[in-house]
Structure formats: structure tokens, C-alpha cells
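**Student:** heads up, no residue letters with this:
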């Protein structure tokens, strides 16, 4: 019997601990009543296929993601492995400095593998990373896309850094430095270009915030 465990803007997640003997997450993109039914069906179908394709692509690049067991585009449904573990967001404060640095080097290296395969996560936060059995599993590629743009890679990293600043502010610099070390390991010469673009995106964001505050 599947149990609803999360209801999101884009999709609902159901947990089934006995799907043909497997523990699985079933991700279902529900209908959007504000869209024309035919358009809505096509959008949900396309996004389901795209997410499954991205999961396959990054796994081939060496990124650890949930196994995909079944894809049903017509019903906008993906059945994937249920990963038992803890979200990185929830364990950072309980780790030693050495453990935090090791973990974020791994996250940086994995992100580099993902970006090196031209995949943009779209929601690169520690809520979408699960630590389990010595591995870091990247989850929720629902906003992911395939792109070679440096800008979009920079946006991914900017989102991660902003999240670290707001959620793990005591360790932001330490964690992001470790992340950058790992990112450079797997991205090579391209890494500094992306990190430089991330800084530009940060500066743009600050300028917009100051401008909005000035005009209130």
C-alpha cells in the first residue's frame, strides 16, 4: 500500500515498501486544472521523460542517484529506488570539521561530474542530497535540464551557496571551500570559469536587492 509522503507544486511522492518486493518512491506529476487538458498532459509527459533521461545520463557520468525501475510517461509517473539515509541538510551540525570537509568535497566532486555531463540540477540544495552507506545520493531532478551554458551552471552553484549561507551559516565558508576543491577535481579547467560566473550572478543579485530596497 503506497503512502503519500510529500506533496509538491510539481509532483507528489508516494512511498511503497513492497512494490514487487522492492522499496520504492513513486513520483507522480498531477494534473494542473489551470492548463488546457491536452497541453497539461503533454507537459507532464515531457517532463517525466526528461527527468528519467537526466537520471540515466548523470548515473552514466558517475553521479549516484536512485535507481529507476519504471517510467510511465502517459500517467506522468516514475518509480524509483527508495534511498534510506539522512538528508545532508539534517546532519551537517552533527558532523566533525573533518567529516564536513570530506562530505562537501564529495558533493563538489559529484556536482562537477553532473555539470561535466551537461546536466543542470535546478534545485541544488542539501535537502536534495542523501547521505547513506558512505555515499551521497543526489535526488529530485524535476527541475533539471541538459545545457552547456556556463550561466546555468553558475546559477546552480549560486543557489547552493545561498542555501549554505541561510541554513548552515556557521560553516558556510568552510563548506563552500571544500565544495570548490571537489568541484575543481572533477570539472578541471572549466571549474574556475563557472565559479567566476557564480560570483557575477551573486553581484547581480545584490545589486537588484539594493535597488529594490532603495525604491520601496
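**Tutor:** That came through, no problem. The structure presented is a predicted model; accordingly, all values stated were derived computationally and were not measured. Numbering: from 1, shown residues only.

**Student:** pLDDT wise, what is the residue nearest the centre of the chain at?
**Tutor:** With distances taken as Cα atoms, centre = their mean, the residue of the chain nearest its centroid is residue 124 (4.0 Å). Here, the pLDDT recorded for residue 124 equals 97.

**Student:** In terms of helix, strand or coil, where does it fall?
**Tutor:** Per DSSP: H, G, I helix; E, B strand; the rest coil, the secondary structure class of residue 124 is coil.

**Student:** just checking, residue 66 is part of a strand?
**Tutor:** No - per three-state DSSP, residue 66 lies outside any strand segment and is coil.

**Student:** separation between it and residue 201?
**Tutor:** Distance of residue 66 to residue 201, given as Cβ to Cβ, to the nearest Å: 29 Å. The C-beta positions use only the backbone N, C-alpha and C, and glycine is treated the same way.

**Student:** So the two - more neighbours on which side?
**Tutor:** Neighbour totals were compared for residue 66 and residue 201, and residue 66 leads with 22 against 17 (other Cβ atoms under 10 Å).

**Student:** Looks like the more buried one contacts residue 83 (just checking).
**Tutor:** Yes - with contacts counted by Cβ atoms under 8 Å, residue 66 reaches residue 83, the gap being 5.5 Å.

**Student:** roughly how far apart are residue 17 and residue 90?
**Tutor:** Relative to residue 90, residue 17 is positioned 21 Å away (Cβ to Cβ).

**Student:** ah, wrong one, I meant residue 152
**Tutor:** To residue 90, residue 152 is 28 Å away according to Cβ to Cβ.

**Student:** Repeat that for residue 140.
**Tutor:** Counting by Cβ to Cβ, the gap from residue 140 to residue 90 is 15 Å.

**Student:** Between those two, which is the more surrounded one?
**Tutor:** Using other Cβ under 10 Å, the more surrounded residue of residue 140 and residue 90 is residue 140, with 23 against 12.

**Student:** who's in contact with that one?
**Tutor:** With contact set as Cβ atoms under 8 Å, 6 or more residues apart in numbering, residue 140 has these partners: 123, 128.

**Student:** Regarding it, what is its secondary structure?
**Tutor:** Assigned with three-state DSSP, residue 140 falls in the coil class.

**Student:** Can you verify residue 24 is assigned to a strand?
**Tutor:** Yes - counting by three-state DSSP, residue 24 falls inside a strand.

**Student:** Got the phi and psi for the residue nearest to the centre of the chain?
**Tutor:** phi -80, psi 90 (degrees, to the nearest 10).
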